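Asker: curious how this folds, go ahead:
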Amino acid sequence: VIRHLDDELAGFDTQLIGSDYNSASIAWCKDSIPGIHFLVNSDTPPLALDDESLDGAYAISVFTHLGETLQKQWMLEIWRVLKPGGIFVFTTHGESRKHKLIGPQAFEFERGGLVIKGDYKEGKKHFLAYHPKSWVVRHLLGDFELLEHLPDGEPGSFGQDKWVVRRPVAKP
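Answerer: Here you go, the predicted model:
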């Protein structure tokens, strides 16, 4: 995603920073995508960034592969690195993916609970988290302002809800 942002933001005074826990992916990015600063992070916070240093951040298909504790830790970390007024875009598995759940998992999702599926290492692609909208709003957003929730459902989409939130300008 980040390699396309550089062209879209041409002419603006921006510095793009990419960060991932996969050091091989970051090495490839450093070698293949000029003009963007790349960092390796751990699977747990913190990022090697100053407090209130970013105007915006995104996490595409990240929270879908983390358990509850890490999701909450990363939301706090994003809050820390975003400037007041900063925007955060992220994705979750929502209503459109609940057909992947059966029995007690389906029941838990319907009653508004986060569902973790799979006996895989957290952070890997087969470790899956399913997020009812109500759970995200109550347990994940914290003091972020919800600007937009775009449920999946468009033809050709990749099966995840899109969320756009903002760190308020005034601290709550």
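
Asker: all contacts plus neighbour counts: C-alpha atoms, from now on.
Answerer: OK.

Asker: can you give me the helices in this protein?
Answerer: 2-8, 23-32, 68-81, 103-110, 133-135 (DSSP state H).

Asker: and Tyr130, bridged to which residues?
Answerer: Going by DSSP bridges, Tyr130 is paired in beta bridges with His93, Val115.

Asker: for it, give me its contacts.
Answerer: Taking C-alpha atoms under 8 Å, 6 or more residues apart in numbering, we find Tyr130 in contact with 64, 92-94, 97-98, 109, 114-117.

Asker: 7 Å instead?
Answerer: 64, 92-94, 114-116 (C-alpha atoms under 7 Å, 6 or more residues apart in numbering).

Asker: can you pull out the low-pLDDT segments for this protein?
Answerer: Applying pLDDT under 70 to the chain flags residues 154-156, 171-172.

Asker: tell me the spacing between Ile36 and Asp20.
Answerer: 13 Å (C-alpha to C-alpha, to the nearest Å).

Asker: check Ile26 too.
Answerer: 7 Å.

Asker: kindly report the same for Leu9.
Answerer: 21 Å.

Asker: which of those two has more neighbours?
Answerer: Neighbour tally, Leu9 and Asp20, criterion other C-alpha atoms under 10 Å: the higher count belongs to Asp20, 15 against 12.

Asker: from Pro168, how far off is the more buried one?
Answerer: Asp20 sits at a distance of 26 Å from Pro168 (criterion: C-alpha to C-alpha).

Asker: before we move on, what about Arg138?
Answerer: When Arg138 is compared with Pro168 (using C-alpha to C-alpha), they lie 17 Å apart.

Asker: the two: which has the busier surroundings?
Answerer: Neighbours were counted for Arg138 and for Pro168 using other C-alpha under 10 Å; Pro168 has more, 17 against 10.
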